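Asks: heads up, no residue letters with this:
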């Protein structure tokens, strides 16, 4: 049983460490792009489940797929949840902790050189998840892969290491919770979040 496993701690791939240093330094002029990236990731997870369900009848119905945002100004947290494909332990190691695409060094160089268009660069190089650390001093990800019973909690403060441990989640999907930095409390305000979604994420095909 997964519950017998204990919390494991891993170091980020070197390139991710470099990337997070840049990100945490709030190099970006418009930090709200992090929300566009996380909503986009959630939408992609829903898309993946929709396609997987076409060929795998064992997967849950993919008809009521959605992306849900929750804010709590009291605890200064913002959560982006989906009921998409989800991740298992191996997926978490592969996806959150490394940058799968080659050219990470090139991304970092481009980022240093191109302070003008960082927004485009983030999406282009597929490192959108890490933009969460522009506004959060801790990020928790609770996820469960479609077709599997075990759920996992991935957690990191973005300072070189992350942990993975067994967790509880009733159904497949992923919830990313950002524990916002003191200077990012605006992202726990409903009007601000709605405005960002309207600006960047109107095209998302899920409610």
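Replies: The structure has been received and is ready for your questions. In this text, all values refer to a predicted model and were calculated from it rather than measured experimentally.

Asks: Stretch 158-166 - what's its average pLDDT?
Replies: Across stretch 158-166, pLDDT averages out at 88.

Asks: and if you look at stretch 48-55?
Replies: Here the average pLDDT along stretch 48-55 is 86.

Asks: mind listing the helices for the chain?
Replies: All helices of the chain, identified by DSSP state H, fall at 14-24, 33-55, 89-95, 104-113, 118-124, 190-200.

Asks: Looking at those helices, which is nearest to residue 136?
Replies: helix 33-55 (8.2 Å; Cβ to Cβ). From N, CA and C alone the C-beta is placed, and that goes for glycine too.

Asks: buried ones in that closest one?
Replies: 33-43, 45-47, 49-50, 52-53 (16 or more other Cβ atoms under 10 Å).

Asks: hang on, the earlier thing: hey, least reliable of the helices of the chain by pLDDT?
Replies: helix 118-124 (a mean of 50).

Asks: Around residue 133, how many other residues sit close by?
Replies: Residues lying near residue 133 (other Cβ atoms under 10 Å) number 25.

Asks: and the nearest residue to it once chain neighbours are set aside, how many neighbours does it have?
Replies: Nearest non-adjacent residue to residue 133, counting by Cβ to Cβ, 6 or more residues apart in numbering: residue 158, 3.8 Å away. The number of residues packed near residue 158 is 22, by other Cβ under 10 Å.

Asks: So which residue is smack in the middle of this protein?
Replies: residue 129 (4.2 Å; Cα atoms, centre = their mean).

Asks: who's in contact with that residue?
Replies: Contact analysis of residue 129 by Cβ atoms under 8 Å, 6 or more residues apart in numbering lists 37, 38, 41, 95, 96, 176.

Asks: nearest residue to the fifth one other than its sequence neighbours?
Replies: Think residue 96. residue 154 (5.5 Å).
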